[in-house]
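Asks: pasted the sequence and its predicted model underneath.
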Amino acid sequence: MNALATSTQAHSTSSGQALPQQIARLDLDRLRRYQENLTFYNGQQWLEPPRRRRRLTFNYAKALIDKTAAYVTNGLVISVDPADDSPQAQERARRAQAVLDDVSKNNNLAQLDFDTEIDCAVLGDTAYKVVWDATSRKVRVSAPDVQGVYAWWLGDDMSRVWRVASRYVLTAEEAEMLYGLRSQGRFGRPRDAQVVEVWTEGDFELWADNRLIESKANPYGFIPFVIYPNIRQPKQFWGSSDIEPIKESVRELNRALSQLSMILELSGNPIAVLENITEAHDIAVQPGAVWELPENARAYLLDLLQGGGVRLHADYVDLIYRTLHDLAESPRTAFGENRQNLSGVALQMEMDPLLKKVQRKRLIREAALRRRSEMALRIYEQQTGETLAPYRVRVNWGPLLPLDRSRLVEDERILVSAGIHSRRRAAAELGVDEPEAEFSRWLEEETKKTNMRGRFYLKFA
């Protein structure tokens, strides 16, 4: 859905046609790509119908995506820095940090972020939804299926999304429990309801089975969705999947290994070749078998391994294998193979393609996670009346390569002593889950030590 199409769709919607009816025909190419990539990730990778006796599938697509997702989300920590050095700003930052920590625990965001990263890499796009749960009185963060998410943006600025629609299915029981809907299908049986939420900054609409069941002002004042691509394509809103570059390599690897497997199987069960014989009965290939052949006839076993034919197949498989890792930007070292015992700068150079790929992804994720955290804090302020703004949300990532922790600790100690890093920043770099809380505990300990020294000196003065 490009910018021109967005303007056209907005115009046709305003002409009177219900939006749920419209989105059923929108973004068909995007949704088709999603389904194809998801099918490929799940292991259905052969194009032709199953005619061969043996078709092997080596799902490198899943292995590469899962491995990259683990690198991207490794050591993810979100922290809040004070807006200034005043005690009030520090207290607000501490409270904002506590709120985000509660949101993370209540929604199991560590698992959600990893699952969402895999989903984003497979499909090419993903989304977060941040709302207030009135029942539990907590901020609720979810990752709706992007196959049901539609976005409209301004024609000259794709970063300014002015409407988002989310389509999903509720079972008959869920629809009645949440909205009192009772949909009946054939023979009077309850049937599932297709629900569409439509959000703008000012309004919210809820549709069920093409019927408008709720329309009200947006309770948040902003669209509670964060939509972001896997890898951004220039001048495009929707992203590209990690599966697209490796599809052909994976398919060719499956074909070549299946062919080599059949050759080895036939070599273990050799083919008997009979020359100058018109008919043959009861020919058995087994130890001690005796064949009676007419004059001028010849019999032999076909050796498929002679002449180094298998070596050619194996070399071709190695070539495909190398191409696959090059296109996926994931060196074999990322899978634990380090035959040269590389370390330090040499290991970093070996892993550089994957490091660059992860850095590109983290640039996109960082903006999305910061936006998600700010939404959670704003919703919390609206619902509780507590003031936390202004807040400075910072996304911290773990190291991509194994590090000498003692060396890292020493580096941070020097940076803190030189006034380059704060203690909070050093704690975040070292992977401390709650840098602000840890700093508060350290400050409390230092205060107690100072008071104890003061009482000691007064006692012996």
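Replies: Received it, and whenever you're ready, just let me know what you need.

Asks: how about the strands of the chain, start to end?
Replies: In the chain, the strands defined using DSSP state E lie at 77-81, 125-133, 138-142, 149-154, 157-170, 193-199, 203-208, 211-217, 225-229, 271-275, 298-302, 392-396.

Asks: now do the buried residues in the fifth one.
Replies: Put plainly, it is strand 157-170. Met158, Val161, Arg163, Val164, Ala165, Ser166, Arg167, Leu170 (16 or more other CB atoms under 10 Å). For glycine as for every other residue, the C-beta is placed from the backbone atoms N, C-alpha and C.

Asks: mind listing what it pairs with, with the direction of each?
Replies: In the sheet, strand 157-170 lines up against strand 149-154 (antiparallel), strand 193-199 (antiparallel) (DSSP bridges).

Asks: could I get those as CSV with mean pLDDT?
Replies: Formatted as CSV, the strands paired with strand 157-170 follow (pLDDT from 0 to 100):
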stretch, mean pLDDT
strand 149-154, 94
strand 193-199, 93
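
Asks: distance of Leu377 from Pro219?
Replies: From Leu377 over to Pro219 the distance is 16 Å, taken as CB to CB, to the nearest Å.

Asks: what's the neighbour count on the nearest residue to Ala346 once chain neighbours are set aside?
Replies: Spatial nearest neighbour of Ala346, excluding adjacent residues (CB to CB, 6 or more residues apart in numbering): Gln340 at 7.9 Å. Gln340: 10 surrounding residues under other CB atoms under 10 Å.

Asks: please apply the same query to Arg423.
Replies: That count, for Arg423 with other CB under 10 Å as the rule, works out to 14.

Asks: enumerate every residue touching it.
Replies: Listed by CB atoms under 8 Å, 6 or more residues apart in numbering, the contact set of Arg423 reads Val416, Phe439, Trp442.

Asks: so which of these is the most crowded?
Replies: Phe439 (18 neighbours).

Asks: hmm, Ala427 and it touching each other?
Replies: Yes. Between Phe439 and Ala427 there is a contact at 6.7 Å, judged by CB atoms under 8 Å.

Asks: pipe the contacts of Arg423 into CSV and attach distance to Met452 and pLDDT per row.
Replies: CSV is the format used below for the contacts of Arg423 (distance: CB to CB, whole Å; pLDDT from 0 to 100):
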residue, distance to Met452, pLDDT
Val416, 24, 85
Phe439, 20, 76
Trp442, 16, 78
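
Asks: spatially central residue for this structure, please.
Replies: The centroid of the chain falls nearest to Glu117 when counting by CA atoms, centre = their mean (1.5 Å).

Asks: now do the phi/psi pair for the residue nearest to Ala346.
Replies: Taking degrees, to the nearest 10, you get phi -90, psi 0 for the backbone angles of Gln340.

Asks: what pLDDT does the model give it?
Replies: pLDDT recorded at Gln340 is 71.

Asks: now the nearest residue to Arg424 once chain neighbours are set aside: how far from Asn59?
Replies: Once flanking residues are discounted, Arg424 sits nearest to Pro435: 4.5 Å by CB to CB, 6+ apart. The spacing between Pro435 and Asn59, counted by CB to CB, is 39 Å.

Asks: comparing the two, which residue is more hemmed in?
Replies: Pro435 (25 against 16).

Asks: pretty sure the more buried one sits against Ala427.
Replies: Yes. Proximity of Pro435 to Ala427 meets the contact threshold set by CB under 8 Å, at 3.9 Å.

Asks: buried set for the longest helix belonging to the chain?
Replies: Longest helix in the chain by number of residues, with DSSP state H as the criterion: helix 352-384. By neighbour count on 16+ other CB under 10 Å, the buried set for helix 352-384 is 353-355, 357-358, 361-362, 364-366, 368-381, 383.

Asks: how about Arg137, phi and psi?
Replies: Note on Arg137: backbone dihedrals following degrees, to the nearest 10 are phi 50, psi 50.

Asks: that one: neighbour count?
Replies: Neighbours of Arg137 (other CB under 10 Å): 9.

Asks: now it: closest residue in space, sequence neighbours ignored.
Replies: Distances taken as CB to CB, 6+ apart place Gln383 nearest to Arg137, at 7.3 Å, with adjacent residues excluded.

Asks: for Leu154, which non-adjacent residue is closest in space?
Replies: Spatially, and ignoring its direct neighbours in sequence, Leu154 is nearest to Arg160 (4.6 Å; CB to CB, 6+ apart).

Asks: er, Val99 I mean
Replies: Tyr380 (5.3 Å).

Asks: re the thing from before, quick one: the nearest residue to the residue nearest to the centre of the chain once chain neighbours are set aside from Tyr34, how far?
Replies: Closest residue in space to Glu117, ignoring its immediate chain neighbours: Ala69 at 4.2 Å, by CB to CB, 6+ apart. Taking CB to CB as the measure, Ala69 falls 17 Å from Tyr34.

Asks: with Ala143 instead?
Replies: Ala143 sits 15 Å away from Tyr34, going by CB to CB.

Asks: kindly report the same for Ala389.
Replies: 37 Å.

Asks: who's more crowded, the two?
Replies: A count of neighbours by other CB under 10 Å puts Tyr34 above the other of Ala389 and Tyr34, at 21 against 11.

Asks: the closest residue in space to the more buried one that isn't next to it in sequence: how many residues sit nearby?
Replies: Excluding the flanking residues, the one nearest Tyr34 by CB to CB, 6+ apart is Leu123, at 4.7 Å. For Leu123, the count of nearby residues is 27 (other CB under 10 Å).

Asks: go on, the one 4 residues further on?
Replies: The number of residues packed near Ala127 is 22, by other CB under 10 Å.

Asks: that one reaches Pro144, doesn't it?
Replies: Yes. Between Ala127 and Pro144 there is a contact at 5.7 Å, judged by CB under 8 Å.

Asks: for Phe222, give its distance to Met375.
Replies: As judged by CB to CB, Phe222 and Met375 stand 7 Å apart.

Asks: mind listing what Ile133 touches?
Replies: In this structure residue 133 is Asp, not Ile. The neighbours of Asp133, taking CB under 8 Å, 6+ apart as the test, are Val139, Arg140.

Asks: separation between it and Ile213?
Replies: Distance from Asp133 to Ile213, counting by CB to CB: 20 Å.

Asks: sorry, back to before: state the pLDDT value of the residue nearest to Arg424.
Replies: pLDDT, Pro435: 73.

Asks: contacting residues around it?
Replies: Pro435 sits next to Val77, Ser79, Arg424, Arg425, Ala427, Ala428 when contact means CB under 8 Å, 6+ apart.

Asks: ranking these by neighbours, who comes first?
Replies: Most crowded among the contacts of Pro435, counting by other CB under 10 Å, is Ala428 at 26 neighbours.

Asks: is it true that it touches Ser79?
Replies: Yes. The criterion here is CB under 8 Å, and Ala428 meets it with Ser79 at 5.5 Å.

Asks: need the residues touching each of the two.
Replies: Counting by CB under 8 Å, 6+ apart, the contacts common to Ala428 and Ser79 are Arg394, Asn396, Pro435.
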